[in-house]
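K.L.:
Turn this into a model:
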Amino acid sequence: MNRRPIVSAFYFPNWHADPRNEKYHGTGWTEWRVTQYATPRFEGHEQPKVPLWGYEDEADPAVMEKKIAAAADYGVDNFTFDFYFFEDGPYRERCLNEGLLKASNRDRVTFSIMWANHDHIYSHPGSYWKPAEPVWRGDVSVETFRKCTDYCIEHYFPQPNYLRINGALHFAIYRPWNIIKEMGGIEIFQRELAAFRARVEAAGLGRLWLDLPADGFAAWEHIEDAGAPLQMLGADSSFAYSWGYRDTFPAEEYQPWAEKNIRNQARFMEKLSVPYNPVAAPGWDSSPRTVQSDMFDNIGYPFGPVVTGSSPARFEAALRRISEVMERENAGPMVNLSCWNEWTEGAYLEPDTKSGFGYLEAIRNVFGVTPR
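P.N.:
Sure thing, here's the model as predicted:
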């Protein structure tokens, strides 16, 4: 590669106790409970996945210091946190507020926010009867948008290790098309984004780098149609959260799955009118988020196809292909890894008892480490 991209891993913060979770699952509950009780659902299915570090509390600064050290040592520059903010305020934020921001080595990585603006569904675990029942709504009104973005301006953007791209603060939104519907039109959302940028600048924080996904604005086969709304909203870049094309039930092999998705990343880069930050995934398996005693049928998330046959070597090969794709003219400044710690979706880079640090070693082998 001619230039090293920012290597960023999406971070899913549900491995610490949260009052909302405790209301539905009991005092002290975390998603580690779902991980621990996973079982094989078909022949050759490898579950449960066991973390090498144990079932630790990510809101503990000492635990987060271990994660930060591993990320920095193996070439992950940034954590893009899944950030949840509803009408009545934030959710799952203790990991960031009490863990990362209080870690003694926090300066070894940067972090940024991706507002995960979607309904919270009951998938911890989801039952065959109601596999993805909404527990509370994630609708974003103008008022909620302003409250969330003001919260970020106050609590996160001023942090010395908040990610800046070309001097601008990186901020991503998971489903901007939802906000357009919920606010009542793209013109209203466009106005609110402009006001958000103005508030960032008025706070003396400089410019905002807005990162918006494309795949909800247009079908993958016609992704170029997403260019107009992305430009209208002032997106500085585009991204996707993970890989799709899980077509074979109950299992799909990693290598052909990766090939299909890497070709898709290249096409996004070719067709979109804004720079595109490609994504690479080490695997996929949301079966732990199903009731383990229910039948495992293809009835929709979290039931559905599982990717099998992933390995550090195959992930490294996928990363090398992604690095080649990034030689294209419309490559964005980041490569996203999905994810650092989605244990119950089979998409994690943290060390486990089977592969050790193998997936992290794959990152370092391809992208190296940024000197700090």
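
K.L.:
Who's the closest spatial neighbour of Asn298, skipping the chain neighbours?
P.N.:
Of all residues not flanking Asn298 in the chain, Phe249 sits nearest, at 4.2 Å (CB to CB, 6 or more residues apart in numbering). For the C-beta atoms, the positions are set from N, CA and C on the backbone; glycine is no exception.

K.L.:
Which other helices and strands does the strand ranked longest in the chain contact?
P.N.:
Looking across the chain with DSSP state E, the single longest strand is strand 78-86. Counting contacts by 3 or more CB pairs under 8 Å, 6 or more residues apart in numbering; DSSP states H and E, strand 78-86 packs against strand 6-11, strand 89-91, strand 110-115, helix 142-155.

K.L.:
ok, 10 Å please
P.N.:
Judged by 3 or more CB pairs under 10 Å, 6 or more residues apart in numbering; DSSP states H and E, the packing partners of strand 78-86 are strand 6-11, helix 61-73, strand 89-91, strand 110-115, helix 142-155, strand 168-173, strand 334-337.

K.L.:
most tightly surrounded among those?
P.N.:
Counting by mean count of other CB atoms under 10 Å, strand 334-337 has the highest mean neighbour count of those, with a mean of 27.

K.L.:
Walk me through which strands that strand pairs with, and which way each runs.
P.N.:
strand 6-11 (parallel), strand 279-280 (parallel) (DSSP bridges).

K.L.:
how about low-confidence regions in this structure?
P.N.:
Applying pLDDT under 70 to the chain flags the ranges 1-2, 372.

K.L.:
circling back to that earlier point, go through the helices and strands packed on strand 78-86 and name the closest to Phe189.
P.N.:
helix 142-155 (8.2 Å; CB to CB).

K.L.:
among the strands paired with strand 334-337, which is nearest Leu319?
P.N.:
strand 279-280 (5.6 Å).

K.L.:
which residues sit against that closest one?
P.N.:
7-8, 10, 213, 239-243, 258, 261-262, 264-265, 268, 315, 318-319, 321-323, 325, 334-339, 362-363, 366 (CB atoms under 10 Å, 6 or more residues apart in numbering).

K.L.:
Shouldn't Val135 be within a strand?
P.N.:
Yes: looking at Val135 with DSSP: H, G, I helix; E, B strand; the rest coil, it is inside a strand.

K.L.:
need the contact list for it.
P.N.:
Val135 touches Arg20, Lys23, Tyr24, Asp119, His120, Ile121, Tyr122, Ser123, His124, counting by CB under 10 Å, 6+ apart.

K.L.:
could you dump those to CSV with neighbour count, distance to Ala218 and secondary structure?
P.N.:
Shown next, in CSV, are the contacts of Val135 (neighbours: other CB atoms under 10 Å; distance: CB to CB, whole Å; DSSP: H, G, I helix; E, B strand; the rest coil):
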residue, neighbour count, distance to Ala218, secondary structure
Arg20, 15, 34, helix
Lys23, 11, 38, helix
Tyr24, 11, 36, helix
Asp119, 14, 22, coil
His120, 19, 26, strand
Ile121, 18, 25, strand
Tyr122, 16, 30, strand
Ser123, 22, 27, coil
His124, 20, 32, coil
